[in-house]
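**Q** Sequence and predicted structure below; questions after.
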Amino acid sequence: MKALGWEQADIIIVSGDAYVDHPSFGTAVMARIAEYCGMKVAVLPQPNWRDDLRDFRKLGQPRLFFGVTAGCMDSMVNHYTARKRLRSNDAYTPGGRAGFRPDYATIVYSKILKSIYPDVPVILGGIEASLRRLTHYDYWSGQLKPSVLIDSGADMILFGMAEKAMIELISELNKGRNLNELKDIQQTAILTEHLPAESSHHIILPSHEECLKKKSSFANMFVLTEKESNSVHSKPLYQQTGRKIIKINASFSPLTTEETDLSFDLPYSRLPHPRYRNKPPIPAFEMIRHSVTIHRGCFGGCSFCAISAHQGKFIASRSETSVMKELHEIAAQPDFKGHISDLGGPSANMFQMHGIQLSLCEKCHRPSCIYPEICKNLNFNHAPLLRLYASALQISNIRKVTIGSGIRYDMLVGFNKQTDEQYCLTEYAQTLIAKHVSGRLKIAPEHISEQVLKLMRKPSFEKFRSFHKLFHNANATNQLMQELVLYLIAGHPGSTDKDMLELQQTTRKMGYTVETVQEFTPTPMTLSSVMYYTGIDPFTGKVVYVPEVNKQISQQKNMMFRKKK
């Protein structure tokens with residue numbers, strides 16, 4: 001700040017992550033967006049919250065507000081395993097060291113800032129605040145918690161991928177408007193004074209107290225919330241918590257290609273801050289330093305995943321020009337060895353996919369465009385991906401492009417010849433397997449039980465069998481010795497010991513040595529966590545079997561690694 005001649009920053013962003021100036025890290029994106037709006041932005045990464053709080057004072061008081069984020073992960077997911085054991089590492093800290101952020105970091109940081117600077121607004125963002133914006137089940141305390149706005153004392157949440165909300169907020173504050181006047185900025189959550197009358201223009205959710213009293217009320221709250229999060233034109237949501245009212249404003253429409261490019265084309269250094277120069281590498285950065293995000297959002301709608309609640313169901317793709325620009329920048333870096341480790345996103349093969357008639361999408365509330373069947377209005381043409389891969393290999397210094405993100409294999413198999421050729425499905429699969437697999441390809445069948453897969457909103461295991469056959473035939477044709485890496489879940493609601501035994505025996509007979517089995521962890525704002533807490537399917541009201549915590553879930557995981565019959 002002294003070097004720049006600043007006496008005061010306009011915005012100070014406090015983050016639970018080490019600072020990496022790269023578009024894969026949300027703090028960097030929001031800082032660069034604010035800078036794009038003409039703001040003087042300072043970032044305070046991983047401040048010490050256990051001493052005299054000098055870190056929180058070192059940058060002074062911002063002119064407009066403090067932004068607070070726990071980082072790229074929910075701090076509780078970052079800290080604890082599914083068995084609630086403390087993790088010994090943190091991928092977003094130099095050297096992978098743990099202990100550099102508090103539990104419930106969003107709340108801790110906000111309370112400290114409010115105690116030191118009571119008159120300065122605190123704006124929350126990031127995945128922890130986004131997915132805790134309403135009443136939510138907190139697995140680590142074993143209880144329903146109210147909106148993080150209540151517990152933190154903060155003034156506002158920018159939820160989801162919030163560049164447009166940030167731009168509008170800065171614009172209004174620069175006009176001299178007070179934050180308390182800004183009640184209607186899209187994609188924000190605020191506290192308001194009054195619960196409005198019933199209307200078709202907004203939705204009143206069951207109150208926090210109703211959710212505490214009746215699990216069915218919490219289940220109903222989730223159904224209403226998910227419907228709006230999957231809508232092109234969502235409605236505001238209201239929820240009463242004690243004497244306070246949470247208002248969740250409607251989300252912005254999905255980003256256009258031009259708007260998505262703006263976010264990725266900002267002048268990132270693509271490096272950790274120089275303060276880390278003599279410290280061990282940051283694992284999360286090392287993993288993505290030579291990879292490129294080509295789109296946001298996911299229309300898979302898996303029950304255990306919060307991507308659609310945070311990034312959205314609708315795909316926001318970059319232009320090929322923007323992607324190529326970033327690839328050229330990577331290829332010119334002195335440490336680049338010729339290998340692009342990923343061209344992907346939440347799912348690798350959803351680039352530039354959207355509804356054929358967008359007017360139909362505007363009326364649709366389906367949580368998934370591909371479950372239980374692929375929507376007839378979905379254009380899932382893989383030709384743009386094939387062009388992108390080919391163009392990337394034409395760039396000087398790039399010798400190899402592999403896909404590190406998981407792919408949705410259920411979009412590649414089981415179609416008639418006309419659909420297959422129209423959307424380049426077999427062509428994509430064959431090209432991917434022959435040229436763009438780094439020895440191992442990640443896919444996620446998750447389970448074998450049809451009942452469990454339905455609760456997960458995942459395709460039938462028969463789809464996996466078809467892709468397994470396609471993959472190994474393509475390997476034989478190209479004389480390759482490549483493997484599929486299976487992602488599986490133990491202990492998901494509905495999964496019995498018998499189901500897991502069937503999964504173990506079937507995968508073994510198919511020749512797989514299982515390496516990656518995740519113990520189910522209920523995370524805020526997912527359908528699976530609602531089923532786990534309530535014991536019912538919110539959409540049918542039917543009772544769902546829930547495996548016991550720790551003992552039974554870990555037993556189901558251990559089944560997958562048994563070698564004996």
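**A** Structure's in. What do you need?
**Q** contacts, neighbours, all on C-alpha from now
**A** Will do.
**Q** show me where the stretch 151-300 of the chain has helices.
**A** Assigned by DSSP state H, counting those that start in this stretch, the helices in the stretch 151-300 of the chain fall at 163-174, 208-213, 215-229, 257-264, 283-288.
**Q** What strand or helix carries residue 518?
**A** strand 516-519 (DSSP states H and E).
**Q** And the following helix or strand past that strand, what does it pack against?
**A** Later in the chain than strand 516-519, the nearest helix or strand by DSSP H and E is helix 527-534. The contact analysis (3 or more C-alpha pairs under 8 Å, 6 or more residues apart in numbering; DSSP states H and E) places helix 527-534 against strand 136-138, helix 215-229.
**Q** Among these, show me which one is buried the most.
**A** Mean neighbour count (mean count of other C-alpha atoms under 10 Å) peaks for strand 136-138 among the helices and strands packed on helix 527-534, with a mean of 23.
**Q** Sheet partners, orientation included, of it?
**A** Sheet pairing here is set by DSSP bridges, and for strand 136-138 it gives strand 143-145 (antiparallel).
**Q** Give me the distance from the strand it pairs with to the chain's centre.
**A** For strand 143-145, the separation from the chain centroid amounts to 22 Å (computed by C-alpha atoms, centre = their mean, to the nearest Å).
**Q** repeat for stretch 274-286
**A** On the basis of C-alpha atoms, centre = their mean, stretch 274-286 sits 23 Å off its chain's mean C-alpha point.
**Q** re the thing from before, which one, of the helices of the stretch 151-300 of the chain, ends up nearest to residue 131?
**A** Closest approach to residue 131 among the helices of the stretch 151-300 of the chain (C-alpha to C-alpha): helix 215-229, 11.3 Å.
**Q** Please save the CA atoms from that closest one in CSV.
**A** Provided in CSV are the C-alpha atoms of helix 215-229 (Å, rounded to 0.1, in the frame of the first residue of the first chain):
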residue,chain,number,x,y,z
LYS,A,215,-38.0,-32.5,10.1
SER,A,216,-40.6,-32.5,7.4
SER,A,217,-40.6,-28.7,7.5
PHE,A,218,-36.9,-28.7,6.9
ALA,A,219,-37.3,-31.2,4.0
ASN,A,220,-40.0,-28.9,2.5
MET,A,221,-37.7,-25.9,2.8
PHE,A,222,-35.1,-27.7,0.8
VAL,A,223,-37.5,-28.6,-2.0
LEU,A,224,-38.6,-25.0,-2.3
THR,A,225,-35.0,-23.7,-2.2
GLU,A,226,-33.7,-26.2,-4.7
LYS,A,227,-36.4,-25.4,-7.2
GLU,A,228,-35.5,-21.8,-7.2
SER,A,229,-31.7,-22.4,-7.4
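**Q** So the chain: which segments form each domain?
**A** As given by automatic domain parsing, the domain ranges for the chain are 11-190, 290-438, 443-565.
**Q** In CSV: those, plus mean pLDDT and distance to residue 231.
**A** As requested, the domains of the chain are arranged in CSV below (pLDDT from 0 to 100; distance: least, C-alpha to C-alpha, whole Å):
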stretch, mean pLDDT, distance to residue 231
domain 11-190, 97, 13
domain 290-438, 96, 6
domain 443-565, 93, 16
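**Q** about what we covered before: any chance of CSV for the helices and strands packed on helix 527-534, columns distance to residue 161?
**A** Putting these into CSV (distance: least, C-alpha to C-alpha, whole Å) gives the following:
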stretch, distance to residue 161
strand 136-138, 20
helix 215-229, 13
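**Q** The strand holding residue 518: which residues count as buried?
**A** Buried residues in strand 516-519, counted by 16 or more other C-alpha atoms under 10 Å: 517, 518, 519.
**Q** And stretch 381-391, by the same measure?
**A** Residues of stretch 381-391 classed as buried under the neighbour-count rule (16+ other C-alpha under 10 Å) are 381, 382, 383, 384, 385, 386, 388, 389.
**Q** residues touching the residue nearest the centre of the chain, list them.
**A** Most central in the chain under C-alpha atoms, centre = their mean is residue 307, positioned 4.0 Å from the mean C-alpha point. Residues near residue 307 by C-alpha atoms under 8 Å, 6 or more residues apart in numbering: 297, 298, 313, 346.
**Q** hang on, the earlier thing: nearest approach to residue 276 belongs to which of the domains of the chain?
**A** Proximity to residue 276 (C-alpha to C-alpha) singles out domain 11-190 among these, at 7.4 Å.
**Q** distance between the ends of that closest one?
**A** In terms of C-alpha to C-alpha, to the nearest Å, the two terminal residues of domain 11-190 are separated by 19 Å.
**Q** what's the spacing between that domain and its chain's center?
**A** So, by C-alpha atoms, centre = their mean, the centroid of domain 11-190 is 16 Å from its chain's centroid.
**Q** count of residues packed around residue 51?
**A** Neighbour count for residue 51, taken as other C-alpha atoms under 10 Å: 8.
**Q** so what's it up against?
**A** By C-alpha under 8 Å, 6+ apart, residue 51 has no neighbours at all.
**Q** check which helix or strand covers it.
**A** Going by DSSP H and E, residue 51 is not in any helix or strand.
**Q** Strands along the stretch 201-350 of the chain, start to end?
**A** Per DSSP state E, counting those that start in this stretch, the stretch 201-350 of the chain carries strands over the ranges 203-204, 237-241, 244-248, 271-272, 291-293, 295-296, 316-317, 339-340, 342-344.
**Q** how about these in a markdown table, adding distance to residue 34?
**A** As requested, these are exported to a markdown table (distance: least, C-alpha to C-alpha, whole Å):
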| stretch | distance to residue 34 |
| --- | --- |
| strand 203-204 | 32 |
| strand 237-241 | 27 |
| strand 244-248 | 22 |
| strand 271-272 | 19 |
| strand 291-293 | 21 |
| strand 295-296 | 20 |
| strand 316-317 | 21 |
| strand 339-340 | 29 |
| strand 342-344 | 26 |
